[in-house]
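Enquirer: What follows is a predicted protein model with its sequence.
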Amino acid sequence: MILLAEKIERQNETYFGTLPVTVKRNAYGRQLGSFHTEGEFKPIGTVPMTFIRAPYVKKVSPGAEITAEVGGKIVGVKYKNQIAVSFHPELDDDMRIHEALIHLG
């Protein structure tokens with residue numbers, strides 16, 4: 001998410017900048033602020049979500065679609081052929097987010 005974001009709060013530098021969102025880095029705190037939960041990921045359904053020093057989306061620009069929120073914070077977005085999430089789907093056994101990314105092609 002940080003690599004793709006057009007804007008990173010309190011940081012002048014961006015990386016790829018292909019996703020029309022503003023993100024807040026390490027929004028949940030340091031490593032000790034890591035947590036696991038389950039939440040709705042549109043259109044897949046409820047998925048496991050493991051957050052480690054996670055960012056969240058502060059602002060979504062036109063064209064980007066919110067796909068997941070946790071505790072009122074945006075943690076998943078889709079834009080054209082890109083999916084970005086604040087959590088680590090690779091750390092759980094559920095492959096549906098990976099499958100959705102493959103089918104965006």
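Expert: Ah, there it is. Bear in mind that the values here come from a model prediction, so they are computed numbers and not experimental data.

Enquirer: looking at this protein, which residue lies furthest from center?
Expert: Within the chain, the residue lying farthest from the chain centre (Cα atoms, centre = their mean) is residue 12, at 20.3 Å.

Enquirer: Per-residue pLDDT of that residue, please?
Expert: Among the per-residue scores, residue 12 shows a pLDDT of 92.

Enquirer: What of the one 3 residues further on?
Expert: pLDDT for residue 15: 95.

Enquirer: can you check residue 31 too?
Expert: The per-residue confidence score, pLDDT, reads 70 for residue 31.

Enquirer: nearest residue to it other than its sequence neighbours?
Expert: Excluding its sequence neighbours, the residue lying closest to residue 31 (Cβ to Cβ, 6 or more residues apart in numbering) is residue 53, at 6.0 Å. All C-beta atoms are positioned from the backbone trio N, CA, C, and that covers glycine.

Enquirer: Ok, residue 45 next?
Expert: Nearest non-adjacent residue to residue 45, counting by Cβ to Cβ, 6+ apart: residue 96, 7.8 Å away.

Enquirer: Contact partners for that neighbour?
Expert: With contact taken as Cβ atoms under 8 Å, 6 or more residues apart in numbering, residue 96 is in contact with 41, 44, 45, 47.

Enquirer: Ramachandran coordinates for it?
Expert: When quoted as degrees, to the nearest 10, the phi and psi of residue 96 stand at phi -60, psi -30.
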